[in-house]
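**Student:** one predicted model, sequence on top.
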Amino acid sequence: MEISYWQSRWQKEKTGWHMETVYPPLPTLWDRLGFKSSGRVLVPLCGKSLDLQWFVNRGLTVTGVDVSTQAIHHIMQRHPEPFTQNNSYGFTVYRSKSLILWKGDYMKLPSSELSPQDIIYDKASIIALPPQKRQAHANKHLELCNPDTQILLQTFEYEQHEMNGPPFAVLEQELKNLFGSRFKLTCVHEQSKMEELQRFQQRGLSSYLTEKVFHLTPLQSG
């Protein structure tokens, strides 16, 4: 999907992927996986997700990236801290004490300008992309990782031939192909989303829909 596609969806307020709550599995997973109560979290293709503020409320410093001006402004309106604004590497960058928002193309995010990130939180990000764009997306994640960075990544699995994405089906083997050279992948959440099938039936989906969350931890060097 081209950037213009997503910008058009935001402009027309066709944002059916947006959740009006924090992603339900997130609090349980965060505590169970033992993530630090302080640190830095990067959220690519963040939209106007409430998860960003949830991270902030946990004491984390959060960096969100999205191409949509509307999405970025929604986040800023909810956030209690004041923002400064500047331009950098073709992005408009909004900074508060705990939240940094880069408005622009995630693929062009300059790694040299980001502090080391403890977590990359890929929620509804890789599944928004068709197969031919996912390798580059994964490579960008890897570029922004330091040796200790972990990744929390959500996917959907279904019969791709039944429905055109987005969201696209992304299977575990593909994730292993994309990230397995540097990360150990562990499925930490799996849930049938049959109750949501009706939402996609008009688009052809009829068999199953499974949501998974993977925890990617760096392989030990040597």
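**Tutor:** Ah, there it is. Numbers count the residues shown, from 1 in each chain.

**Student:** what's the burial count for the closest residue to residue 50 other than its chain neighbours?
**Tutor:** Distance criterion C-beta to C-beta, 6 or more residues apart in numbering; nearest residue to residue 50, sequence neighbours excluded, is residue 22 at 5.1 Å. No exception for glycine: its C-beta is placed from N, CA and C like everyone else's. Counted with other C-beta atoms under 10 Å, residues neighbouring residue 22 total 16.

**Student:** residue 22 against residue 51, yeah?
**Tutor:** Yes. Between residue 22 and residue 51 there is a contact under C-beta atoms under 8 Å: 5.6 Å.

**Student:** stretch 42-57: end-to-end distance?
**Tutor:** 15 Å (C-alpha to C-alpha, to the nearest Å).

**Student:** give the buried residues for that stretch.
**Tutor:** Within stretch 42-57, the residues that count as buried by 16 or more other C-beta atoms under 10 Å are 42-56.

**Student:** quick check: the nearest residue to residue 160 once chain neighbours are set aside vs residue 211, distance?
**Tutor:** Counting by C-beta to C-beta, 6+ apart, residue 169 is the residue found nearest to residue 160 once chain neighbours are left out, at 4.5 Å. From residue 169 across to residue 211, the span is 11 Å (C-beta to C-beta, to the nearest Å).

**Student:** and residue 25, by the same measure?
**Tutor:** 9 Å.

**Student:** show me whatever sits in contact with both of these two.
**Tutor:** Taking C-beta atoms under 8 Å, 6 or more residues apart in numbering as the criterion, residue 25 and residue 211 both touch 189, 191.

**Student:** burial of residue 134, as a residue count?
**Tutor:** That count, for residue 134 with other C-beta under 10 Å as the rule, works out to 19.

**Student:** let me redo that: residue 75
**Tutor:** Residue 75: 23 surrounding residues under other C-beta under 10 Å.

**Student:** and it, its phi and psi?
**Tutor:** When quoted as degrees, to the nearest 10, the phi and psi of residue 75 stand at phi -60, psi -40.

**Student:** what do you get for the one 5 residues further on?
**Tutor:** The phi/psi pair for residue 80 (degrees, to the nearest 10) reads phi -80, psi -20.

**Student:** that one: what's it in contact with?
**Tutor:** Applying C-beta under 8 Å, 6+ apart, we find residue 80 in contact with no residue.

**Student:** can you offset everything so residue one is 44?
**Tutor:** From this message on, residue numbering opens at 44, which makes the last subject residue 123.

**Student:** ok, it to residue 252 distance?
**Tutor:** Between residue 123 and residue 252 the computed distance is 37 Å (C-beta to C-beta).

**Student:** show me which positions of stretch 114-131 end up buried.
**Tutor:** Applying 16+ other C-beta under 10 Å to stretch 114-131 flags 114-115, 117-119, 122, 126 as buried.

**Student:** give me the mean pLDDT for it.
**Tutor:** Averaging pLDDT along stretch 114-131 gives 96.

**Student:** any weak-confidence spans in the protein?
**Tutor:** Within the chain, the ranges that satisfy pLDDT under 70 run 44-61, 264-265.

**Student:** assign the nearest residue to residue 91 once chain neighbours are set aside to helix, strand or coil.
**Tutor:** Counting by C-beta to C-beta, 6+ apart, residue 91 lies nearest to residue 117, which is 3.8 Å off, once chain neighbours are set aside. Of the three states, residue 117 takes helix under DSSP: H, G, I helix; E, B strand; the rest coil.
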